[in-house]
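1. Could you look at this predicted model? Sequence included:
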Amino acid sequence: MSDLPILAVTLGDPAGIGPEITLKTLAEPESLQLARGIAVGDAIVLERLVRHLGLHLEVNPVATVADARFTTGVIDVLNLGVVTEDLPWGEVNATAGAAAVGAIEVATRIALAGEVDAIVTGPISKEAIRAAGSRHLGQTEMLGELTGSTRFTTMSWVSGLKIFFATRHLSLREALDRITRENIEHAIREAYTALEVFGTEKPRLAVAALNPHGGENGEFGEEEIVAIAPAVAAARAAGLDVVGPIPADSVFHLGIQGRFDGVLSLYHDQGHIASKTYDFDGTVSVTVGLPILHTSVDHDTAFDIAGTGRAPHSTMQAAFKAAATLAPFARRLPVVYPPGR
């Protein structure tokens, strides 16, 4: 047991389903075989859930990771003390937002200090963290600032396929403006290097097309001709096994079938719709470009079912398993993107 990685699991927004799926995941026998998990958040939140759901679990508040017991039937929680009273489930709340932010800050600190091997984060409410005073768009941006990282991105992992993003949290109009040869070349290098860092030898990377049918030689748009294909050609000339642009309505299917190790999606929904439609519960978000390993569930707080006991925890199980699987590669982080590869 002592050789297993230690994972810090944040509760996410205390008013959402994050605490419930964290509790259930850390109590799973399978989780105990994969890694030693410690929750990061407020013990009062987990204690309330244990009572409310009638679970036979002991919540063990600790001040340091070294105090954790890591034993069956016990949920160790690095207690923050932000939440001091029961919060209403399923509502945006500034205290809940502050607790979510605090958990990420503490988990990041102990990961940077080497006390844990990776962090796994529960879903947060962007509205709640803004109410608490945070200016960040989400967890990825928050982690970037906390770790002093200047370039970072998200990788979605589903059924063995790793999906990368040339653009993410932008309007579709702005994302289209970012589809330039230079940006695609850089995104290819990021994705290819990340595949290598996370243990893929001789990666095979495909680049999705932007327009229907890959643009049909300019009939449906010129981005494939002026930006994407030249970027792929440059990568191939540099010795990388990269193909594309491949029409987006087939490239993700081909990746799932094992033709590629990774696919570069050109904008947020292009890749996320593909992965979540194929396996919503099994899609895991991995932040690439940080000096620490971070995985996350790939869904929101589900306020509508918070506190009901009906939240499926397969998403958190998948994120926990992904962190445990990738933990041996954490020593290679951060991913460094060589400019001229």
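-> Here it is on my side, so go on. Numbering: from 1, shown residues only.
2. The chain: helices as residue ranges?
-> 18-27, 29-34, 43-53, 94-112, 126-131, 139-147, 172-177, 181-197, 223, 229-237, 248-256, 268-279, 314-326 (DSSP state H).
3. Lowest average pLDDT across those helices?
-> Ranked by mean pLDDT, the helices of the chain end with helix 139-147 in last place, scoring a mean of 84.
4. returning to what we had before: hey, which of the helices of the chain is tucked in deepest?
-> Ranked by mean neighbour count, the helices of the chain are led by helix 18-27 with a mean of 27 (mean count of other Cβ atoms under 10 Å). C-beta here means a position set from N, CA and C on the backbone, and glycine is covered the same way.
5. hmm, what's the outermost residue in the chain?
-> residue 219 (36.7 Å; Cα atoms, centre = their mean).
6. Enumerate every residue touching it.
-> Applying Cβ atoms under 8 Å, 6 or more residues apart in numbering, we find residue 219 in contact with no residue.
7. and it, what pLDDT?
-> pLDDT, residue 219: 87.
8. How much space separates it from residue 211?
-> From residue 219 across to residue 211, the span is 9 Å (Cβ to Cβ, to the nearest Å).
9. Also residue 111?
-> 41 Å.
10. hang on, the earlier thing: now the helices of the chain in JSON lines, with distance to residue 119?
-> JSON lines is the format used below for the helices of the chain (distance: least, Cβ to Cβ, whole Å):
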{"stretch": "helix 18-27", "distance to residue 119": "12"}
{"stretch": "helix 29-34", "distance to residue 119": "15"}
{"stretch": "helix 43-53", "distance to residue 119": "17"}
{"stretch": "helix 94-112", "distance to residue 119": "4"}
{"stretch": "helix 126-131", "distance to residue 119": "17"}
{"stretch": "helix 139-147", "distance to residue 119": "8"}
{"stretch": "helix 172-177", "distance to residue 119": "28"}
{"stretch": "helix 181-197", "distance to residue 119": "17"}
{"stretch": "helix 223", "distance to residue 119": "36"}
{"stretch": "helix 229-237", "distance to residue 119": "31"}
{"stretch": "helix 248-256", "distance to residue 119": "27"}
{"stretch": "helix 268-279", "distance to residue 119": "21"}
{"stretch": "helix 314-326", "distance to residue 119": "8"}
